[in-house]
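Visitor: The sequence and its predicted three-dimensional model are supplied below.
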Amino acid sequence: MGETEKWDIGFKDTLIQLINNQRALQDKLTDLEGRSRRNNIRIYGVPESAEGTSMHHYVEDLIKTELVVVRFLRFTTKENVLHAAWKKNVHVQGKRVYFDHDYAEEVQRKRKEYTPIKKVLKENKIRFQTPLTRMRVHFDSGTVTYKNAPDAAVDLAKRGFPVGTIHANKIVGNTEETLTRLLPWSTAGGAPRAPNRPASRVAEVREKLRGFQRMDRDGATDIG
């Protein structure tokens, strides 16, 4: 086993450990961000400039008309207001506005991936729910819960509801799968083991070696 291969194995293991650590830190950060936003309500679809010259006065007007406030001191109050808003169609300047939890950015990104799936389910009058980053679909045959949008799209296609391919918008960076493809060296039974080389690649290397051997026999070519 050469020094290069040994270095590859150690380098790969170190990178995988760093990726796992980064993933754990990201999960903790998302959890902390979610906790810091738990008293907030997010409003979608408010017409541009509807707040006029003062956002403070605009929010006060919303409160007077029993619509919503951005942040509450008590979580239970925020939940009561949010559920009340969900039960009615609220309009501002003739446009309907929507209310939702103020999720952490990572959670919002994952929930957004369900958008085309929600459209298909609504068109087919299939009831569904999206608890945090999952989707719960109530089929006639029973309820199914999906962990992510790509899995949901694949299963819906099998059930006759094509959605199209959905690629998870992963955080930029290498994954364990990427590292395994780029640095395929691994250990088996404690002994380093190199990956199998394609037959065409082996043949190419052998042919180059033969070429070098022929040059040695024939002598070097004079230059100039």
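Guide: Alright, I've got the coordinates.
Visitor: CA atoms for contacts and neighbours, from now on please.
Guide: Fine.
Visitor: Can you point out the buried residues in the strand ranked longest in the chain?
Guide: Scanning the chain for the strand with the most residues, using DSSP state E, yields strand 95-101. Across strand 95-101, burial judged by 16 or more other C-alpha atoms under 10 Å covers 97-99, 101.
Visitor: Extract the residue ranges of this protein that are flagged as low pLDDT.
Guide: For the chain, the stretches with pLDDT under 70 are 1-10, 45-70, 168-224.
Visitor: Looks like Thr145 contacts Arg136 (just checking).
Guide: Yes - in this structure, Thr145 is within contact of Arg136 by C-alpha atoms under 8 Å, at 4.3 Å.
Visitor: rewinding a little: of the buried residues of strand 95-101, closest to Thr115?
Guide: Tyr98 (15.0 Å; C-alpha to C-alpha).
Visitor: Could you find the closest non-adjacent residue to the closest one?
Guide: Ranked by C-alpha to C-alpha, 6 or more residues apart in numbering and with sequence neighbours excluded, the top spatial neighbour of Tyr98 is Tyr44, at 4.9 Å.
Visitor: ok, back up a step: would you list the buried residues of strand 95-101 in TSV and tack on distance to Gly160?
Guide: TSV is the format used below for the buried residues of strand 95-101 (distance: C-alpha to C-alpha, whole Å):
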residue	distance to Gly160
Val97	33
Tyr98	30
Phe99	31
His101	32
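Visitor: Farthest pair within those residues?
Guide: Val97 and His101 (13.7 Å).
Visitor: need the strands for the chain, in chain order.
Guide: 41-44, 90-92, 95-101, 127-129, 135-139, 142-146, 186-188, 191-193.
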